[in-house]
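**Student:** my questions concern the predicted model and sequence given below.
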Amino acid sequence: MNDRKLQKIRRELHQIPELGFKEFKTQQYLLEKIRTYPQEHLNLKTWETGVLVLVKGTNPKKTIGYRADIDGLPIVEQTSYDFKSTHEGNMHACGHDFHMTIALGALEKLAIDPVQDNVLFIFQPAEEGPGGAMPLLESEEFKSCKPDVIFALHIAPELPVGTVSSKAGLLFANTSELFIDFKGKGGHAAYPHLTKDMVVAASNFVTQLQQIVSRKIDPLESAVVTIGKITGGFVQNVIAEEARLEGTIRTLKPTIIDEVKHHIEILAKGNELSYDCSISIDYGSNYYQVFNTDDYIKNFKNVVLGQNIIWKEAKAAMTGEDFGYMLKEIPGFMFWLGVDSTYGLHHSQLEPQEEALSIGVNLVESTIRQL
Ligand SMILES: CC(=O)N[C@@H](CCC[C@H](N)C(=O)O)C(=O)O
């Protein structure tokens with residue numbers, strides 16, 4: 001597949017971002033594309049809104065897995081593109097349009113010229129939430145062709161095109177979503193003393209949360225508590241009866257996530273007393289850390305250098321990935337692919353450079369051929 005074709009696919013996918021487990025058009029698009037490739041060695045299945053494609057090897061001794069995530073984010077796009085999202089309010093702001101395009105490019109090459117081993121291409125739904133990897137791992141569709149080794153990439157806007165970065169061991173954090181609901185007595189804006197203002201309660205809670213990381217967690221450990229969304233109230237002159245905080249917790253050790261949760265719960269109890277309200281906490285979905293297998297990273301680094309791509313040793317990041325669950329069960333690795341964008345992941349103006357697409361395709365193909 002040449003650069004123009006890759007660019008076309010990426011742009012078409014960019015226009016149809018869909019949220020987790022609602023990737024209906026995306027799934028249809030992927031199936032239509034895959035059906036145009038030589039079918040002789042392919043076995044195509046769907047799972048939920050995802051797609052699994054097994055490329056049968058010429059003399060298989062094992063199965064190699066390659067995973068691409070396919071969902072978008074609830075972000076209003078503000079790029080300079082003339083091929084913006086046509087799904088108002090949704091955007092491929094985490095590069096999954098790139099991830100899918102690269103997987104399609106590599107799949108086509110393997111469909112034309114298969115390797116000795118079987119190769120499973122996994123187009124996985126719901127990476128941004130609520131998490132597609134865990135239920136996929138438990139599905140019969142996956143178990144019947146479970147890989148012996150698996151890998152995946154993530155675009156890196158802060159790295160130049162032609163650069164790849166990864167490391168042995170811990171690459172991505174443990175995560176837990178965080179939803180906190182406040183309920184108290186609302187009323188007239190002019191009589192605050194007769195109410196329990198949930199906007200004030202929730203606002204104070206946000207600042208108190210920040211003190212968990214700075215005052216409760218051992219400074220030699222790493223943790224992040226981010227609130228990305230606050231809602232509450234209906235109109236400017238009514239004191240709100242309800243408010244809601246939505247956020248995420250990130251830590252580099254699974255045990256520290258439990259510590260953070262414990263302190264959030266203590267805070268909630270104290271605030272229930274001081275604001276005379278009820279506070280309920282829901283942790284949504286959790287992702288396990290991404291932990292790369294040493295030996296595979298060593299081999300992968302050689303493949304990268306052999307392609308004249310620059311290797312940058314990575315640091316662990318507080319990003320989360322449900323691919324961590326796959327690596328918990330199956331050895332393998334994840335890496336960052338440089339795409340050079342002024343604006344970063346989850347930003348409404350993310351504009352990755354499309355020259356990185358063919359670099360990604362060639363690298364994924366060569367890695368598969370050398371595994
Ligand atoms: C690579 C990336 O950006 N992944 C997401 C995963 C989100 C997990 C979950 N919804 C949460 O927020 O905890 C990330 O935000 O790191």
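**Tutor:** Perfect, thanks for sending it. Numbers count the residues shown, from 1 in each chain.

**Student:** the chain: helices as residue ranges?
**Tutor:** 3-14, 24-35, 96-112, 133-138, 140-143, 198-211, 254-275, 294-306, 323-329, 355-370 (DSSP state H).

**Student:** can you state the direction angle for the first one and helix 96-112?
**Tutor:** What it means is helix 3-14. Orientation check (axes from the mean of the first three to the mean of the last three C-alpha atoms, to 10 degrees): helix 3-14 against helix 96-112 gives 130 degrees.

**Student:** now the stretch 1-150 of the chain against the ligand: closest residue?
**Tutor:** Nearest to the ligand in the stretch 1-150 of the chain, going by C-beta to the nearest ligand atom, is Gly129, at a distance of 3.6 Å. Placement of C-beta: from N, CA and C, glycine included.

**Student:** TSV for the helices of the chain, including distance to the ligand?
**Tutor:** Below are the helices of the chain laid out as TSV (distance: least, C-beta to the nearest ligand atom, whole Å):
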stretch	distance to the ligand
helix 3-14	17
helix 24-35	17
helix 96-112	9
helix 133-138	11
helix 140-143	20
helix 198-211	15
helix 254-275	10
helix 294-306	19
helix 323-329	9
helix 355-370	16
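
**Student:** how about JSON lines for those, with mean neighbour count added?
**Tutor:** Formatted as JSON lines, these follow (neighbours: other C-beta atoms under 10 Å):
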{"stretch": "helix 3-14", "mean neighbour count": "18"}
{"stretch": "helix 24-35", "mean neighbour count": "17"}
{"stretch": "helix 96-112", "mean neighbour count": "24"}
{"stretch": "helix 133-138", "mean neighbour count": "19"}
{"stretch": "helix 140-143", "mean neighbour count": "13"}
{"stretch": "helix 198-211", "mean neighbour count": "18"}
{"stretch": "helix 254-275", "mean neighbour count": "15"}
{"stretch": "helix 294-306", "mean neighbour count": "15"}
{"stretch": "helix 323-329", "mean neighbour count": "22"}
{"stretch": "helix 355-370", "mean neighbour count": "20"}
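
**Student:** mind putting those helices in CSV, distance to Ile239 and mean pLDDT included?
**Tutor:** Shown next, in CSV, are the helices of the chain (distance: least, C-beta to C-beta, whole Å; pLDDT from 0 to 100):
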stretch, distance to Ile239, mean pLDDT
helix 3-14, 43, 97
helix 24-35, 42, 98
helix 96-112, 41, 98
helix 133-138, 41, 98
helix 140-143, 50, 97
helix 198-211, 7, 97
helix 254-275, 12, 97
helix 294-306, 55, 96
helix 323-329, 43, 98
helix 355-370, 51, 98
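
**Student:** and the closest residue to Trp47 other than its chain neighbours, how far is that from Ile368?
**Tutor:** Nearest non-adjacent residue to Trp47, counting by C-beta to C-beta, 6 or more residues apart in numbering: Glu141, 4.4 Å away. From Glu141 over to Ile368 the distance is 21 Å, taken as C-beta to C-beta, to the nearest Å.

**Student:** Ile102 now?
**Tutor:** Distance, Ile102 to Ile368, using C-beta to C-beta: 12 Å.

**Student:** which residues do these two both contact?
**Tutor:** Here Ile102 and Ile368 share no contacting residue, scored by C-beta atoms under 8 Å, 6 or more residues apart in numbering.

**Student:** ok, now which ones touch Lys298?
**Tutor:** Ala168.

**Student:** the residue of the stretch 1-150 of the chain closest to the ligand: neighbouring residues, count only.
**Tutor:** When neighbours are counted by other C-beta atoms under 10 Å, Gly129 registers 20.

**Student:** grab the nearest non-local neighbour of it.
**Tutor:** Spatial nearest neighbour of Gly129, excluding adjacent residues (C-beta to C-beta, 6+ apart): Gly20 at 5.5 Å.

**Student:** touching, Pro352 and Ile155? I think so.
**Tutor:** Yes: Pro352 lies in contact with Ile155 (C-beta atoms under 8 Å); the separation is 5.5 Å.
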